[in-house]
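> the sequence and its predicted three-dimensional model are supplied below.
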Amino acid sequence: MEAVDYLAEERRKAEFDVEEMKIVWAGSRHAYEISDRVSRLVASDPVFRKDNRTMLSRKDLFKDTLRKAAHAWKRIIELRLSEEEAKTLRFYVDQPAYTDLHWGMFIPAIKGQGTEEQQQKWLPMAYKMQIIGCYAQTELGHGSNVQGLETTAKFDPQTDEFVIHSPTLTSSKWWPGGLGKVSTHAVVYARLIIDGQDHGVHGFIVQLRSLDDHSPLPGITVGDVGMKFGSGAYNSMDNGVLRFDHVRIPRNQMLMRVSQVTREGKYMQSDVPRQLVYGTMVYVRQTIVSDASRALSRAVCIATRYSAVRRQFGSQNGGPETQVINYKTQQSRLFPLLASAYAFKFVGEWLKWLYADVTQRLEANDFSTLPEAHACTAGLKSVTTSATADAIEECRKLCGGHGYLSSSGLPELFAVYIPACTYEGDNIVLLLQVARFLMKTVSQLGSGKNPVGTTAYMGRVEHLTQCNCEVQRAEDWLKPSVILEAFEARAARMSVACAKSLSKFSNPEEGFAELSADLVEAAVAHCQLIIVSKFIEKLQQDIPGKGVKRQLETLCNIYALYLLHKHLGDFISTGSISPKQGALANEQLRLLYSQVRPSVIALVDAFNYTDHYLGSILGCYDGNVYQKLYDEAWKDPLNETVVPDGYHEYIRPILKQHIRNARL
Ligand SMILES: CCCCCCCCCCCCCCC/C=C/C(=O)SCCNC(=O)CCNC(=O)[C@H](O)C(C)(C)COP(=O)(O)OP(=O)(O)OC[C@H]1O[C@@H](n2cnc3c(N)ncnc32)[C@H](O)[C@@H]1OP(=O)(O)O
Ligand SMILES: Cc1cc2nc3c(=O)[nH]c(=O)nc-3n(C[C@H](O)[C@H](O)[C@H](O)COP(=O)(O)OP(=O)(O)OC[C@H]3O[C@@H](n4cnc5c(N)ncnc54)[C@H](O)[C@@H]3O)c2cc1C
């Protein structure tokens with residue numbers, strides 16, 4: 001059989017209706033149709049070509065990004081694309097650009113933190129892209145500690161203006177995407193100072209560049225922070241540095257939904273919680289969880305298809321060698337990642353719902369669910385991005401040597417993805433926020449205030465800290481109630497143990513710092529419980545299509561039992577399960593790998609990714625890997641000449657040195 005036929009053969013083995021699974025993956029038939037249409041539109045447009053991206057110099061890459069962003073905007077207007085279609089277009093264009101921050105942070109910051117009047121003034125210009133904005137919060141000296149920012153905004157009552165200033169080198173804004181070369185405006189986070197009194201960090205809309213010739217306005221020094229990790233990748237983005245030298249802006253450019261400064265210089269706070277100043281981050285963290293499932297599914301699609309094509313060892317009587325996907329080790333590394341992609345997809349959908357719900361409540365001045373929304377977005381952002389970054393690297397290794405080639409698509413995907421573990425909040429810093437939320441929840445148990453939402457299980461803490469797992473045979477691990485209780489018991493016991501240790505410290509902050517590593521582990525356990533439980537909830541829905549639900553049940557079990565196996569130490573040391581039950585879980589996991597094996601190619605086909613989007617020779621739909629790898633090699637600039645540039649200067653003299661030496 002030719003390599004090209006391997007995937008066709010695999011597709012025939014699928015035990016479910018792939019077309020129906022595509023709809024489940026997309027979220028709805030409507031979303032599927034948009035995704036399918038827009039992905040083809042992008043793939044067939046030569047401006048969106050990206051196969052040469054990693055070869056481009058920084059300047060050429062940046063110009064290529066500007067061209068793509070302008071072309072995308074033109075197509076959005078010409079085709080009158082809806083917001084959903086435009087977002088899908090951005091996703092398939094697959095090149096980080098200043099527009100991500102304009103639409104993803106600048107506009108949401110004004111919407112979330114601006115008054116009605118401010119929204120009416122700024123949003124129409126931003127929606128038409130008559131102004132382009134970024135989100136300038138992080139500084140050279142402070143990123144995680146937002147309260148430590150140094151940029152100042154002093155109110156000048158004489159002129160009714162704020163004076164924005166960078167008092168130190170470390171107060172230089174550093175990192176904001178889109179700031180370096182493009183943004184005309186920024187939402188700048190600065191300390192509000194009135195009459196010498198510091199009122200903490202607030203957001204201000206500041207114009208940075210002239211709308212006539214794009215030059216920086218007086219008092220503004222702005223540029224790009226320089227090359228980042230990898231070739232291509234995130235270097236398409238102009239992450240910027242910015243300094244203010246007493247730049248004046250009108251008073252009404254402070255975002256005033258949370259607090260206001262009057263003409264007389266009086267500081268007033270609405271009954272809206274101060275934390276809403278952090279609201280844009282909550283919004284973006286939620287979107288990052290869905291992005292994790294996209295990046296992970298892309299890497300998994302490449303590694304799965306290639307693993308079915310690649311053969312090593314095991315040839316009998318001159319027959320074909322074994323497909324590497326049939327090695328149990330390959331399966332135990334790859335299939336949990338496939339299951340994770342689906343798990344992150346469903347938890348991302350749920351988080352989107354949670355965010356919509358909290359937004360609706362905020363509009364009605366109900367702030368009760370904000371702490372939970374913060375904990376869920378922070379925790380899930382952290383857990384899903386860390387797992388995805390590790391998984392992309394694992395997929396590279398699963399593809400052996402060819403995974404290291406740029407044309408596999410995996411090196412660039414890794415380079416572009418890994419900052420997600422840092423931006424929008426360093427993952428450890430965010431897990432510590434979840435831990436604070438959990439410790440608060442535990443401390444309130446027994447106070448008559450029942451925990452709700454994702455911490456509702458804590459309400460059964462007495463049972464969960466004493467219960468015994470009922471598993472006696474491997475197949476008992478297939479019961480959702482058994483899996484859920486094991487994850488709940490582990491999470492509850494880890495939180496309670498941390499709370500007990502904390503109570504021994506007379507200074508709680510000192511205790512929190514001392515125990516922070518354990519607290520992070522408790523936070524991870526809580527977040528993994530959320531992901532598992534949302535997968536199980538998804539399966540309670542009516543899911544049509546032959547065999548679709550069954551495949552999802554298998555994936556859900558793989559995801560949960562893989563986590564259980566990976567964190568066996570937690571489960572056993574907390575007494576949530578016994579070592580024997582841990583061994584049975586692993587036995588069941590092996591059976592599940594065999595069960596899902598015939599359908600794995602169809603399960604990655606269900607992502608419905610075009611070859612253009614995948615950007616990988618190893619992952620192409622037809623599986624014609626070897627011919628494409630061979631052809632691609634000859635396109636490398638090094639192969640433009642048979643004898644390389646530099647031969648006469650640097651190779652020939654070495655090769656000929658024995659002639660020179662002989663003459664001496
Ligand atoms: C191959 C090509 C592929 C192409 C793919 C391309 C994909 C590209 C897509 C990219 C899009 C994304 C682009 C990303 C751009 C990045 C942008 C950024 O990074 S912006 C900057 C982000 N910065 C951070 O996240 C900073 C992190 N730090 C903080 O959030 C806070 O400082 C802190 C929460 C860590 C601490 O805050 P502080 O006030 O000091 O904290 P306390 O702990 O005292 O908390 C007080 C109180 O507030 C509550 N809280 C904190 N945060 C929030 C919040 N966000 N919402 C609600 N409540 C919050 C906290 O729980 C405390 O509550 P309490 O009841 O008092 O206990
Ligand atoms: C590609 C990229 C794009 C970005 N885009 C933007 C943007 O558009 N706008 C913007 O404003 N910012 C942006 N940022 C900045 C980003 O938000 C910050 O880098 C991020 O919040 C982390 O902050 P930091 O760099 O200060 O890390 P640090 O806080 O200095 O982290 C360094 C180390 O210290 C640890 N650490 C820090 N605090 C604690 C603690 N309390 N307890 C335990 N450990 C701790 C961290 O875990 C980490 O290991 C971007 C960053 C990147 C990489």
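Noted; the coordinates are in hand. Ligands and ions are numbered 1, 2, ... in the order given.
> in stretch 457-465, which residues are buried?
Tyr457, Met458, Gly459, Val461, Leu464 (16 or more other Cβ atoms under 10 Å). In this view, the C-beta of every residue, glycine as well, is placed from N, C-alpha and C.
> quick one: contacts for the second one?
Which is Met458. By Cβ atoms under 8 Å, 6 or more residues apart in numbering, the contact list for Met458 reads Thr441, Val442, Leu445, Pro451, Ala492, Ser495.
> pull the number of nearby residues for the residue in the stretch 1-150 of the chain positioned nearest to ligand 1.
As assessed by Cβ to the nearest ligand atom, ligand 1 sits closest to Val146 within the stretch 1-150 of the chain, at 3.5 Å. Residues near Val146, counting by other Cβ atoms under 10 Å, number 17.
> just give me the closest of the buried residues of stretch 457-465 to ligand 2.
Nearest to ligand 2 among the buried residues of stretch 457-465, counting by Cβ to the nearest ligand atom, is Met458 at 24.2 Å.
> tell me if I am right that the closest one is in a helix.
Yes - counting by DSSP: H, G, I helix; E, B strand; the rest coil, Met458 is found in a helix.
> mind pulling up the pLDDT for it?
Note on Met458: pLDDT of 97.
> contact residues of the stretch 51-200 of the chain facing ligand 2?
By Cβ under 6 Å from any ligand atom, the residues of the stretch 51-200 of the chain that approach ligand 2 are Leu101, Tyr135, Ala136, Gln137, Thr138, Gly143, Ser144, Trp175, Pro176, Gly177.
> if we use 8 Å, what do you get?
Within the stretch 51-200 of the chain, the positions adjacent to ligand 2 are 101, 105, 134-138, 142-145, 173-179, 189 by Cβ under 8 Å from any ligand atom.
> ditto for the stretch 451-600 of the chain
Going by Cβ under 8 Å from any ligand atom, the residues of the stretch 451-600 of the chain near ligand 2 are Ala513, Ser516.
> low-confidence ranges in the stretch 451-600 of the chain?
Across the stretch 451-600 of the chain, nothing is flagged by pLDDT under 70.
> ok, which stretches of it are helices?
For the stretch 451-600 of the chain, the helices defined by DSSP state H, counting those that start in this stretch cover 461-464, 480-503, 508-514, 516-539, 548-566, 568-573, 579-596, 600-605.
> same for the first one, what does it pack against?
In this structure, helix 461-464 makes packing contacts with helix 480-503, judged by 3 or more Cβ pairs under 8 Å, 6 or more residues apart in numbering; DSSP states H and E.
> the residue of the chain found nearest ligand 2: what secondary structure?
Evaluated by Cβ to the nearest ligand atom, the chain has Gly143 as its residue closest to ligand 2, separated by 2.3 Å. Per three-state DSSP, the secondary structure class of Gly143 is coil.
> residue boundaries of the strands in the chain?
133-136, 152-156, 161-165, 173-174, 185-194, 197-207, 220-224, 240-244, 247-250, 259-261, 267-269 (DSSP state E).
> among the ones you listed, which comes closest to ligand 1?
Closest approach to ligand 1 among the strands of the chain (Cβ to the nearest ligand atom): strand 133-136, 5.4 Å.
> which non-adjacent residue is nearest Pro157?
Once flanking residues are discounted, Pro157 sits nearest to Gly265: 4.6 Å by Cβ to Cβ, 6 or more residues apart in numbering.
> now Val429: closest residue in space that isn't a chain neighbour?
Ser144 (4.6 Å).
> residues touching Ala456, list them.
Ala456 makes contacts with Asn450, as judged by Cβ under 8 Å, 6+ apart.
> now it: how far from Ala136?
For Ala456, the distance to Ala136 equals 39 Å [Cβ to Cβ, to the nearest Å].
> same check on Ser481?
From Ser481 to Ala136 the distance is 49 Å (Cβ to Cβ).
> so between these two, which is more surrounded?
Neighbour count, other Cβ under 10 Å: between Ser481 and Ala136, Ala136 has more, with 32 against 9.
> neighbours of Val496, how many?
The number of residues packed near Val496 is 19, by other Cβ under 10 Å.
> show me what contacts it?
Val496 neighbours (Cβ under 8 Å, 6+ apart): Val442, Val461, Thr465.
> ok, those vs ligand 1, which is closest?
Val442 (13.4 Å).
> which residue, other than its chain neighbours, is closest to the closest one?
Ala499 (4.2 Å).
> what's near enough to touch the one you found?
Taking Cβ under 8 Å, 6+ apart as the criterion, Ala499 is in contact with Met439, Val442, Ser443.
> what residues does the stretch 401-550 of the chain put near ligand 1?
409, 412-413, 416-417, 419-420, 422-426, 429-430, 432-433, 436-437, 440.
> now, of those residues, which are buried?
Among these, the ones that count as buried by 16+ other Cβ under 10 Å are 409, 412-413, 416-417, 419-420, 423-425, 430, 432-433, 436-437.
> what about the residues you listed, which are in helices?
Those of those mapping onto helices are Glu412, Leu413, Val416, Tyr417, Leu430, Leu432, Gln433, Arg436, Phe437, per DSSP state H.
> excluding chain neighbours, what is closest to the third one?
Translated: Val416. Leaving out its chain neighbours, the residue that sits closest to Val416 by Cβ to Cβ, 6+ apart is Ala233, at 4.2 Å.
> now do the same for Asn317: its pLDDT.
Looking at Asn317, the pLDDT reads 88.
> also Met1?
Note on Met1: pLDDT of 58.
> contacts with ligand 2 among the residues of the stretch 401-550 of the chain next to ligand 1, please.
Okay, of those touching ligand 2 (Cβ under 8 Å from any ligand atom), that's Pro419, Thr422, Tyr423, Glu424, Gly425, Asp426, Val429, Leu432.
> which residues of the stretch 301-450 of the chain lie near ligand 2?
Residues of the stretch 301-450 of the chain lying near ligand 2 (Cβ under 8 Å from any ligand atom): Pro419, Thr422, Tyr423, Glu424, Gly425, Asp426, Asn427, Ile428, Val429, Leu432.
> do that again at 5 Å, thanks
Pro419, Thr422, Tyr423, Asp426, Ile428, Val429 (Cβ under 5 Å from any ligand atom).
> how about the residues of the stretch 151-300 of the chain near ligand 1?
Neighbours of ligand 1 within the stretch 151-300 of the chain, by Cβ under 5 Å from any ligand atom: Gln275, Tyr278, Met281, Val282.
> list the buried residues for stretch 341-352?
For stretch 341-352, the neighbour count (16+ other Cβ under 10 Å) marks Ala341, Tyr342, Ala343, Phe344, Lys345, Phe346, Val347, Gly348, Glu349, Trp350, Leu351 as buried.
> what's the answer for stretch 465-474, then?
Across stretch 465-474, burial judged by 16+ other Cβ under 10 Å covers Cys467, Cys469, Val471, Ala474.
> quick check, nearest of those residues to Leu655?
The closest of those to Leu655 turns out to be Ala474 (Cβ to Cβ; 65.0 Å).
> just the mean pLDDT for stretch 148-168, thanks.
Rounded mean pLDDT across stretch 148-168 is 98.
> from memory Ile577 sits against Ala486, does it?
Yes - with contact defined as Cβ atoms under 8 Å, Ile577 reaches Ala486; the gap is 5.6 Å.
> shared neighbours, the two?
Cys469, Leu564, Phe571.
> the second one contacts Ala486, correct?
What that stands for is Leu564. Yes - counting by Cβ under 8 Å, Leu564 does reach Ala486; the two are 6.8 Å apart.
> quick one, what contacts Ala373?
If a contact means Cβ under 8 Å, 6+ apart, then Ala373 has Val282, Leu354, Tyr355, Val358 as its contacts.
> once you drop chain neighbours, what's closest to the first one?
Just to be clear, that refers to Val282. Excluding its sequence neighbours, the residue lying closest to Val282 (Cβ to Cβ, 6+ apart) is Thr377, at 5.1 Å.
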